[in-house]
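Asks: Any chance you could fold what I've pasted below:
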Amino acid sequence: MDGTNLVNPIILSIQTAAIALALAFPCGVLLAKTMAGKRFRGKTALETLFLLPVVLPPTVVGFLLIILFGKHSPVGSMIEWVFGNSIMFTPWAAALASTVVAFPLMYQSAKAGFESINPEIEEAARMDGAGTWRTFLHITLPLSSTALVTGAILSFARALGEFGATLMFAGNIPGKTQTAPIAIYMAMESGRTDEAWFLVAVIILISFIMLYLSSLLKSK
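Replies: Numbers count the residues shown, from 1 in each chain. The predicted structure follows:
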């Protein structure tokens with residue numbers, strides 16, 4: 001593998017993690033805001049479902065994605081009919097797999113941030129005439145910004161390191177779906193230890209920076 005092919009998996013991993021974050025962030029924030037402070041029957045079961053990808057083996061997540069979005073599934077068939085191609089074994093499949101495993105971290109952080117806000121502050125804003133969305137944008141989001149940024153950082157780092165679900169759902173196609181974790185595995189399988197070390201060092205560096213930033217935010 002030459003230098004260009006060593007860089008490609010890293011670039012693809014960063015792009016995939018960025019797309020995953022772009023999808024997980026709004027979903028996590030909106031669902032967390034909906035669930036924060038609410039009490040209803042089945043809430044625990046529903047939140048457990050949201051967090052399940054954190055504890056499930058990646059191969060199980062990959063299997064479920066194939067069942068849900070594969071060519072023979074209703075959703076997969078509809079996607080193929082609309083776009084003329086299956087989502088499996090495409091960069092979007094890698095992004096979707098990363099989104100699924102990154103979402104729980106975004107949801108947990110956002111929910112913790114929202115629940116840390118004194119509800120009287122939001123109520124006072126509404127009493128002053130601010131609507132629901134205005135209160136959310138100008139009061140709730142700023143007060144929970146540290147938790148949201150922390151969740152975004154952790155979600156990006158988790159998406160960056162996704163391996164098992166991506167391999168099953170997106171495959172190992174160099175330049176298309178071969179992310180850095182998959183490239184590391186393939187390099188080790190082929191005895192290319194030097195290439196594996198390079199990719200490992202880059203991923204460790206990026207992950208370290210992400211976690212360091214997260215720790216800095218939490219300490220403030």
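
Asks: Mind pulling the model confidence for the residue nearest the centre of the chain?
Replies: Residue closest to the average C-alpha location in the chain (CA atoms, centre = their mean): Ala102, at 2.6 Å. The model reports Ala102 with a pLDDT of 95.

Asks: what packs against the one helix or strand it maps to?
Replies: Element membership of Ala102 [criterion: DSSP states H and E] is helix 91-115. When contacts are defined as 3 or more CB pairs under 8 Å, 6 or more residues apart in numbering; DSSP states H and E, helix 91-115 packs onto helix 3-35, helix 43-55, helix 58-69, helix 145-160, helix 164-170. Bear in mind the C-beta positions are built from the backbone N, C-alpha and C, glycine included.

Asks: closest to Val82 out of those helices?
Replies: helix 58-69 (12.9 Å; CB to CB).

Asks: Just give me how far the closest one sits from the chain centre.
Replies: Offset of helix 58-69 from its chain centre (CA atoms, centre = their mean, to the nearest Å): 15 Å.

Asks: right, and the helix or strand after that helix?
Replies: Per DSSP H and E, helix 58-69 leads on to helix 74-83 as the next helix or strand towards the C-terminus.

Asks: Model confidence for the residue in the chain sticking out farthest from the centre, exactly?
Replies: Using CA atoms, centre = their mean, the residue of the chain lying farthest from its centre is Asp128. It sits 36.7 Å away. Looking at Asp128, its pLDDT is 76.

Asks: swap in the one 5 residues further on?
Replies: Among the per-residue scores, Trp133 holds a pLDDT of 83.

Asks: swap in Ala180?
Replies: 95.

Asks: if I pick it, what's in contact with it?
Replies: Shown in contact with Ala180 (CB atoms under 8 Å, 6 or more residues apart in numbering): Pro9, Ile10, Leu12, Ser13, Leu160, Leu199, Val202, Ile203.

Asks: Using CSV, please lay out the residues you listed together with pLDDT, distance to Ala95 and neighbour count.
Replies: Output for the contacts of Ala180, formatted as CSV (pLDDT from 0 to 100; distance: CB to CB, whole Å; neighbours: other CB atoms under 10 Å):
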residue, pLDDT, distance to Ala95, neighbour count
Pro9, 94, 15, 26
Ile10, 94, 16, 18
Leu12, 95, 10, 21
Ser13, 95, 11, 27
Leu160, 94, 12, 24
Leu199, 94, 19, 26
Val202, 94, 20, 18
Ile203, 93, 18, 21
